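what's the 3D shape of this:
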Amino acid sequence: MVIKVFLASSSGSTAIKKKQQDVLGFLEALKVDYAPLDIACNEDNRMWMRENVPVEKKPTNGIPLPPQIFNEESYCGDYETFFDAKEDNAVFAFLGLPPPPGSKEAKEAEKAFILENGPVENGTVEIETVESETVESGTDDAEDEENLEAEEVEEENLDDDSLKPPVKQEEAQEEVEDEEAKGEDDQPVSEEEEEAPEVTEQEEEDE
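Next comes the predicted model:
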């Protein structure tokens, strides 16, 4: 970004010359790169300056006087606004440039930021803490939901008879038959049944 300073090298006004010198001298002291554009010897510079100065910044006659300061195509201000920024240690902000580290303006900007937002480190810690708490709570909620769903599935399985193991009818029938067979073996033998073999043996001997 290049700072453009529109000035008149052959101006007959002592006041204008002094203002131009003040602006250029202060920019050099701050080591700000700038491009001086003469409107007295270059009609294009004069027309560009007049067209790009905002209407509300122009005097009543509509012709802005030098020095006029721009950052590339963006209008920064005239001598009066530049002087106000100089008094407030805000020249870099006026020019739309970042203040160099360690400069008075940078320190002032840092103080203003801390007053509005608090220390940067604390802010970072707080943000990280909130994010970690959110992640942990989200994990706990997910685990609770999974456990609840598992319990519901178990209850449904217990209530559903179709999921119970089928009764093996063949095994049950075999057990019943075994019990009946045992019962027959345990019944006492009658006298007639005991005598029947003896009678048969006697008949065989007579023959």
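
isn't there a helix covering Lys18?
Yes - judged by DSSP: H, G, I helix; E, B strand; the rest coil, Lys18 forms part of a helix.

what is the neighbour count of it?
For Lys18, the number of neighbouring residues by other CB atoms under 10 Å comes to 11. Every residue, glycine included, has its C-beta placed from N, CA and C.

and the pLDDT at it?
Lys18 carries a pLDDT value of 95.

all the helices of the chain, residue numbers only.
For the chain, helices defined by DSSP state H occupy the ranges 14-29, 43-52, 79-87, 91-95, 104-117, 120-159, 169-186, 191-206.

low-scoring stretches of this protein, by residue?
Residue ranges of the chain with pLDDT under 70: 119-207.

measure the spatially closest residue to Ser10 that is not a sequence neighbour to Glu56 for me?
In this structure, Ser10 finds its nearest non-sequential neighbour in Ala40, 4.5 Å apart by CB to CB, 6 or more residues apart in numbering. Note on Ala40: its distance to Glu56, by CB to CB, to the nearest Å, is 25 Å.

compare these two (neighbour count), which wins?
Remark: of Ala40 and Glu56, Ala40 carries more neighbours, 13 against 5, as counted by other CB under 10 Å.

close enough to count as contact, that one and Phe6?
No - in this structure Ala40 lies outside contact range of Phe6 using CB atoms under 8 Å: 10.3 Å.

need the residues touching each of these two.
Residues touching both Ala40 and Phe6 by CB atoms under 8 Å, 6 or more residues apart in numbering: none at all.

follow-up on the earlier one: OK, contacts around the residue nearest to Ser10?
By CB under 8 Å, 6+ apart, the neighbours of Ala40 are Ala8, Ser9, Ser10, Ser11, Arg46.

any idea how far Gln21 is from the second one?
Using CB to CB, we find Ser9 at a distance of 12 Å from Gln21.

what residues do these two have in common as contacts?
What both Ser9 and Gln21 touch, as defined by CB under 8 Å, 6+ apart, is an empty set.

what does stretch 69-88 contact?
1-6, 19, 22-23, 26, 52-54, 57, 64-65, 67-68, 91, 93-97.

and those, which are buried?
Neighbour counting over the contacts of stretch 69-88 (16 or more other CB atoms under 10 Å) leaves 3-6, 19, 23, 53, 64-65, 67-68, 91, 93-95, 97 as the buried ones.
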